[in-house]
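> 3D, please:
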Amino acid sequence: MRAILLGAALALAAGAARAEPTWQPRPDWESLFADAGVTGTILVADERSGEQWVWNAVRAAERFCPASTFKVPHALFALDAGVLRDEFTRIPWDRAEHRIAGWNADQTLRSSMRHSTVWVYQQFARELGAERERAYLEKLGYGNRTVGDDVTTFWLDGSLRISAVEQMEFLRRLYRNELPFAVEHQRLVKDVMINEAGRDRILRAKTGWQARSERHLGWWVGWVETPEGAVFFVLNIDMPQGGADAPKREAIGRAVLGAVGALP
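Presented below is the predicted three-dimensional model:
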């Protein structure tokens, strides 16, 4: 397995895909992770200049549980299957008392993405069923395309796994409306991914946190749209301190995006 990951990482660093620019290593980004006391990786693809950068290419090729970053493709599955009609569809609260206050209310697609409301997507999974979930994963070519024993937790329990490299490819296809789903559904999902919008840039992003194992893992993935082009980013980190490390995902990502001029 180590040899496979190393080979994939070397291919990444060497720009093995002939049509793509070379991924340039950024050892200067290591200090951002070290100063935060975490191990991780980040990929940045800047369409303004055509440059692509990576810190920790070996890890960028390693697959991890997608956690709540899977809400992005999962929303597309639900829309395509008619489980979710549109952004205004009301999803009744499951009446369980959740530790996150924003989960304890009726939801819409927008609120469920903003609050990262797990029970909403578990409801989608029950309605879709394991067979349709597998079919959608195959159709999309998403990570290892695996649904485990529990259809309500496969993206949280480590059954489904995806690498930072694969996350990057998924995001770029979504940005261009090139996924095998209706364009209107892709546009809607991108709309509910908006974190910030200003006069000269839009940040669309999603966090993820795998907390169902001893090794907690966090993601921050998305892109910044500017008049000159989009800047895509995929970051994951180990979170040995759990919730105390959670803010470091976005903090490191914003520092990198600031360094390349994508965010203030």
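> what about residue 104, how many neighbours?
16 (other Cβ atoms under 10 Å). C-beta: built from backbone N, CA, C; applies to glycine.
> Quick one: classify the nearest residue to residue 40 once chain neighbours are set aside as helix, strand or coil.
Leaving aside its chain neighbours, residue 40 sits nearest to residue 237 (3.3 Å; criterion: Cβ to Cβ, 6 or more residues apart in numbering). With DSSP: H, G, I helix; E, B strand; the rest coil as the basis, residue 237 sits in strand.
> And residue 237, how far from residue 71?
19 Å (Cβ to Cβ, to the nearest Å).
> Next: residue 189.
On the measure of Cβ to Cβ, residue 189 and residue 71 end up 9 Å apart.
> Ok, residue 180 next?
Distance from residue 180 to residue 71, by Cβ to Cβ: 18 Å.
> Next, the residue sitting nearest the centre point of the chain: secondary structure please.
The residue lying closest to the centre of the chain (Cα atoms, centre = their mean) is residue 69, at 3.6 Å. The three-state label given to residue 69 by three-state DSSP is helix.
> Ok, residue 112 next?
Quick answer, by three-state DSSP: residue 112 is helix.
> For the closest residue to it other than its chain neighbours, what is the enclosing helix or strand?
The shortest distance from residue 112 to any non-neighbouring residue, by Cβ to Cβ, 6+ apart, is to residue 120 (4.1 Å). Per DSSP states H and E, residue 120 falls inside helix 118-140.
> who does that helix touch, helix- and strand-wise?
helix 71-81 (3 or more Cβ pairs under 8 Å, 6 or more residues apart in numbering; DSSP states H and E).
> elements contacting the helix it packs on?
So helix 71-81, by 3+ Cβ pairs under 8 Å, 6+ apart, packs with helix 109-114, helix 118-140, helix 164-175, helix 183-192.
> and the angle from it to helix 183-192?
If you take axes from the mean of the first three to the mean of the last three Cα atoms, to 10 degrees, helix 71-81 sits at 150 degrees to helix 183-192.
> Pull the number of nearby residues for residue 41.
24.
> residues contacting it?
Contact analysis of residue 41 by Cβ atoms under 8 Å, 6 or more residues apart in numbering lists 54-57, 59-60, 164, 235-236.
> Mind picking the one among those that's closest to residue 92?
Nearest to residue 92 out of these is residue 236 (Cβ to Cβ; 33.2 Å).
> Name the secondary structure element that contains the nearest residue to the closest one once chain neighbours are set aside.
Computed as Cβ to Cβ, 6+ apart, the closest residue to residue 236 that is not its neighbour in sequence is residue 219, at 4.9 Å. Using DSSP H and E, residue 219 falls within strand 217-226.
> list the helices and strands that strand packs on?
helix 164-175, strand 202-210, strand 229-238, helix 246-259.
> for the longest one, packing partners?
In terms of contacts (3+ Cβ pairs under 8 Å, 6+ apart), helix 246-259 is packed against helix 30-36, strand 40-46, strand 202-210, strand 217-226, strand 229-238.
> show me what contacts the closest residue to residue 103 other than its chain neighbours?
Among residues not flanking residue 103 along the chain, residue 117 sits closest, at 4.9 Å (Cβ to Cβ, 6+ apart). Going by Cβ under 8 Å, 6+ apart, residue 117 touches 100, 102-103, 107, 111.
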